[in-house]
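S.K.: mind looking at a prediction? Sequence and model below.
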Amino acid sequence: MSIQQKRWPITWGIVWSLLFALMSFYWASGGKLGVHTLGPEISRQADLRDGGFILIVWLTGVVKVAGAVLLLALKIKWNSVLLQAAFRIAAMVGGVLLVLYGLFNFVAVLLVLAQVLDLPAIDSYSAWWRLFFWEPFWMLGGLLYFFAGRTAGAGNTASRNGASTFRK
């Protein structure tokens, strides 16, 4: 397997992050398409254009772009092994956290649908969206981040010539 084939989680993780960021920026800018799939409380705050809520949505978009930049940093041959390891570890830890976030929310939604848990922020419409789209989407991103960090070190035996360069 070539080095390029081993790096697909990095590329797809960047794509995932930027698509997710675009959704946040769209909603923060006032877009409504799909916002009701997140739950009645989020939909209500989006309709009210609550300033604090909108700021949080903008900031989540920025964080998602920062995640893409982190993954992009995994494509660079850094002179510092420590710096390279820090980026790899950050991607793997971030991946684990994203998977856990999606998994815990998935379980919570299941418990709401089974009427074991009562969360007013989740109605039956958004519950199904969260169960079959949003929470798996979070977990997919987490897996991409984790495996991006794991595969970033593959083939790093090339000599370091003093300059940082992009890997193909």
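M.R.: That came through fine. Because the structure is a prediction, the values reported are computed rather than measured.

S.K.: now do Lys64 against Gly153, distance only.
M.R.: 24 Å (C-beta to C-beta, to the nearest Å). Where C-beta positions appear, they are placed from N, C-alpha and C, glycine not excepted.

S.K.: the two - which one has more neighbours?
M.R.: Neighbours were counted for Lys64 and for Gly153 using other C-beta atoms under 10 Å; Lys64 has more, 20 against 14.

S.K.: measure the more buried one to Pro120 for me?
M.R.: Lys64 is 27 Å from Pro120, by C-beta to C-beta.

S.K.: for Phe20, same thing?
M.R.: 25 Å.

S.K.: ok, these two, which is more surrounded?
M.R.: Phe20 (20 against 9).

S.K.: you'd agree that one is in a helix?
M.R.: Yes: secondary structure assignment (DSSP: H, G, I helix; E, B strand; the rest coil) places Phe20 inside a helix.

S.K.: begin at 648, not 1, for the rest of this chat.
M.R.: Let's use 648 as the start, then, which means that last one is Phe667.

S.K.: give me the nearest residue to it, chain neighbours excluded.
M.R.: Lys711 (4.8 Å; C-beta to C-beta, 6 or more residues apart in numbering).

S.K.: for the one you found, give me its contacts.
M.R.: 664-665, 667-668, 671 (C-beta atoms under 8 Å, 6 or more residues apart in numbering).

S.K.: just the CA atoms of the host helix or strand of it, as CSV, please.
M.R.: Lys711 is part of helix 698-720, with elements assigned from DSSP states H and E. Output of helix 698-720 as CSV, limited to C-alpha atoms (Å, rounded to 0.1, in the frame of the first residue of the first chain):
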residue,chain,number,x,y,z
GLY,A,698,-27.0,37.0,19.4
GLY,A,699,-25.3,34.7,21.9
PHE,A,700,-26.5,31.7,20.1
ILE,A,701,-25.5,33.0,16.7
LEU,A,702,-22.0,33.8,18.1
ILE,A,703,-21.7,30.2,19.3
VAL,A,704,-22.6,29.0,15.8
TRP,A,705,-20.0,31.2,14.2
LEU,A,706,-17.4,30.0,16.7
THR,A,707,-18.2,26.4,16.0
GLY,A,708,-17.6,27.0,12.3
VAL,A,709,-14.3,28.6,13.1
VAL,A,710,-13.4,25.6,15.3
LYS,A,711,-14.3,23.2,12.5
VAL,A,712,-12.0,25.2,10.1
ALA,A,713,-9.2,25.0,12.7
GLY,A,714,-9.7,21.2,12.7
ALA,A,715,-9.2,21.2,9.0
VAL,A,716,-6.0,23.2,9.5
LEU,A,717,-4.8,20.7,12.1
LEU,A,718,-5.3,17.9,9.6
LEU,A,719,-3.6,19.9,6.9
ALA,A,720,-0.6,20.2,9.2
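
S.K.: many thanks, have a good one.
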